[in-house]
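Peer 1: Model the following, please.
(chains A, B, C and D)
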Number of protein chains: 2
Amino acid sequence: MVNTLDIVFSALSDPTRRAILAMLLEDDMAVTDVAEPFAISLAAISKHLAILAEAGLIAREKRGRVIWCKLEPDAMRGASVWMQGFGAFEPVDLDAFERFLETELGEGDDFSQKNRGPE
Amino acid sequence: MVNTLDIVFSALSDPTRRAILAMLLEDDMAVTDVAEPFAISLAAISKHLAILAEAGLIAREKRGRVIWCKLEPDAMRGASVWMQGFGAFEPVDLDAFERFLETELGEGDDFSQKNRGPE
DNA sequence: ATGACATTCAACCGTTTGGTTGACGATTGC
DNA sequence: GCAATCGTCAACCAAACGGTTGAATGTCAT
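Peer 2: Residues are numbered from 1 along each chain as shown, chains lettered A, B, ... in the order given. From the prediction side, this is the model:
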């Protein structure tokens, strides 16, 4: 009933989840470590991870008592292609991405709830 | 409190709204005409359009008693760039987009709720 | 075996979402 | 002026969302 685009865009619409994806870009992480920088409960993070996994954006692999989360960026392809169709966006601009990422991460401290530009 | 990425991704997460954007890709349209192919009320469409406008994805201009809706694809740039940062997606594939669009539009009849390809 | 740790489950709560209906303000055409 | 048309507003509803807490499960270390 819901297509892939639905759940991918929906998964990406939450800032906590986007921040998690950005963290996983640097390295695979255990659930507890993913949760560490955020001011919300571990259970809440667990739910976010479930949603990201449902959307295919991450994979979770249990090793011992630890569950490792791994970015699965291919899941973004569909959504990305869909958007590309709407404009002549110039080719991948990694610098612009870097800047966006910084905004998302909020420069170094707790980035779950605070900071955002005006607008 | 919510940043641009939040509202853009959130706006894109609804299939009705994506279908509306796809329609506007072909031409500017009046609200009533936008609503025509959908099985939901005009008021519901009006709300969807408000959300798309809030996200900057469309602009609405009143001319006489008719409000014209126009695609504003630049609003996707930020979201697109954000996603691009996650993978080496190959450059814009318009053919793939065309295929996606067809899936979204569902070839001719009510396209609000049904059909989706596997994947 | 026992206890500590890692993660999820279940129940709950307040808010948001996508939809409805009916009334309403503008604008047009006769 | 009057009726029809265009679009939004307001009130309402059920379902989904993002969060909480506390109990349950599985695994490691001693």
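Peer 1: In chain A, where is pLDDT below threshold?
Peer 2: Scanning chain A with the threshold set as pLDDT under 70 gives A:1-2, A:88-119.
Peer 1: Flag every residue of it that's near DNA strand D.
Peer 2: Applying CB under 7 Å from any atom of the strand, we find that chain A lies next to DNA strand D at A:10, A:13-14, A:16, A:39-41, A:43-44, A:47-48, A:51, A:62, A:64-65, A:112. In this view, the C-beta of every residue, glycine as well, is placed from N, C-alpha and C.
Peer 1: Helices of chain A, start to end?
Peer 2: A:4-12, A:15-26, A:31-35, A:42-54, A:77-84, A:94-105 (DSSP state H).
Peer 1: before we move on, the earlier item: quick one: buried ones out of the residues of chain A next to DNA strand D?
Peer 2: A:10, A:13, A:14, A:16, A:48, A:51 (16 or more other CB atoms under 10 Å in any protein chain shown).
Peer 1: Dump those residues into JSON lines; add distance to residue A:85 as well.
Peer 2: As requested, these are arranged in JSON lines below (distance: CB to CB, whole Å):
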{"residue": "A:10", "distance to residue A:85": "19"}
{"residue": "A:13", "distance to residue A:85": "20"}
{"residue": "A:14", "distance to residue A:85": "24"}
{"residue": "A:16", "distance to residue A:85": "28"}
{"residue": "A:48", "distance to residue A:85": "29"}
{"residue": "A:51", "distance to residue A:85": "26"}
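Peer 1: How about chain A: which residue is closest to DNA strand D?
Peer 2: Residue of chain A nearest DNA strand D, by CB to the nearest atom of the strand: residue A:64 (2.6 Å).
Peer 1: what's that residue sitting at in phi/psi?
Peer 2: phi 70, psi -140 (degrees, to the nearest 10).
Peer 1: what do you get for residue A:72?
Peer 2: phi -130, psi 70.
Peer 1: Tally up the residues packed near it, please.
Peer 2: Number of residues near residue A:72 (other CB atoms under 10 Å in any protein chain shown) recorded here: 19.
Peer 1: try residue A:20
Peer 2: 25.
Peer 1: between the helices of chain A, which gets nearest to residue B:78?
Peer 2: Each of those has some distance to residue B:78 by CB to CB; the shortest is helix A:94-105, at 6.7 Å.
Peer 1: quick one on the thing from earlier: roughly how far does the residue of chain A closest to DNA strand D sit from residue A:30?
Peer 2: 10 Å (CB to CB, to the nearest Å).
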